[in-house]
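S.K.: give me coordinates for this.
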Amino acid sequence: MQKRDTLTKPLAIVGTIAIWLPILTPFFLAAVRFFGIGQFRFDYLLPAELGLLVLGGVAALLYAALRAKSRVKWIAWTTGVAVFLLFGSMGLAALTGLANGSTPMGGWQWAVVLSMLIGYDLVLVALGIGGIFLIRDLFKR
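M.R.: Next up is the predicted model:
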C-alpha cells in the first residue's frame, strides 16, 4: 500500500527543491551579474560545491520514494551515479594533482574531471525530474 500521508509529500517537495537549487543557482547568479554590471560569469562548479545540500535532498527524496513505493529505481540509480561521479571527480582531481595545482589545467586529466562534473550535473537534472514525477505521483487522486 502506498503511503501518501503528511510526511511523504513534504519530504518529496523539500528533497526536490534541495536538488534543483544547486542546478538553478548558477543560472540565476549569472543572470543577476549580467544584467547588473554587464559581465557574464557562470560558476559551473557550484552544483558540486553544494553537494551536501544535494545529498540531504537525495536522502529526503529517496525516503519519500521508498515510503510511496514510486520511482524508487529511478531515484536510487541516479543517486548512485551522482555520488559516484561527484566523489570520483574529486578523487581523480586529487590523484592527478589538479586539486593542489601541481598539474596545470588542460590535458587529459582536466578533461576527464570536467567530463565527470558535467555528467554529475546532468544526472542531477535527471534526479530532479524524478523528484518532480514523484511529487506528481503523490498528488494524483
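S.K.: from here on, just use CA atoms for contacts and neighbour counts.
M.R.: Fine.
S.K.: point to the residue nearest the middle of this protein.
M.R.: The centre of the chain sits closest to residue 124, judged by Cα atoms, centre = their mean, with a distance of 3.5 Å.
S.K.: quick check: that residue vs residue 83, distance?
M.R.: 10 Å (Cα to Cα, to the nearest Å).
S.K.: show me what the longest helix along the chain is packed up against.
M.R.: Longest helix in the chain by number of residues (criterion: DSSP state H): helix 107-138. Judged by 3 or more Cα pairs under 8 Å, 6 or more residues apart in numbering; DSSP states H and E, helix 107-138 is in contact with helix 8-37, helix 51-68, helix 72-96.
S.K.: tell me how far the following helix or strand past the longest one lies from the chain's centre.
M.R.: Later in the chain than helix 8-37, the nearest helix or strand by DSSP states H and E is helix 46-49. Between the centre of helix 46-49 and the centre of its chain there are 8 Å (Cα atoms, centre = their mean, to the nearest Å).
S.K.: please identify the buried residues of helix 46-49?
M.R.: By 16 or more other Cα atoms under 10 Å, the buried positions in helix 46-49 come out as 47-48.
S.K.: low-scoring stretches of this structure, by residue?
M.R.: Across the chain, the ranges flagged by pLDDT under 70 are 1-4, 141.
S.K.: and with 80 instead?
M.R.: Residue ranges of the chain with pLDDT under 80: 1-5, 141.
S.K.: and the longest helix of the chain, which residues are buried?
M.R.: Neighbour counts using 16+ other Cα under 10 Å place 109-110, 113-114, 116-121, 123-135, 137-138 of helix 107-138 among the buried residues.
S.K.: just confirm the residue nearest to the centre of the chain contacts residue 23, I think it does.
M.R.: Yes: judged on Cα atoms under 8 Å, residue 124 makes contact with residue 23 at a distance of 7.5 Å.
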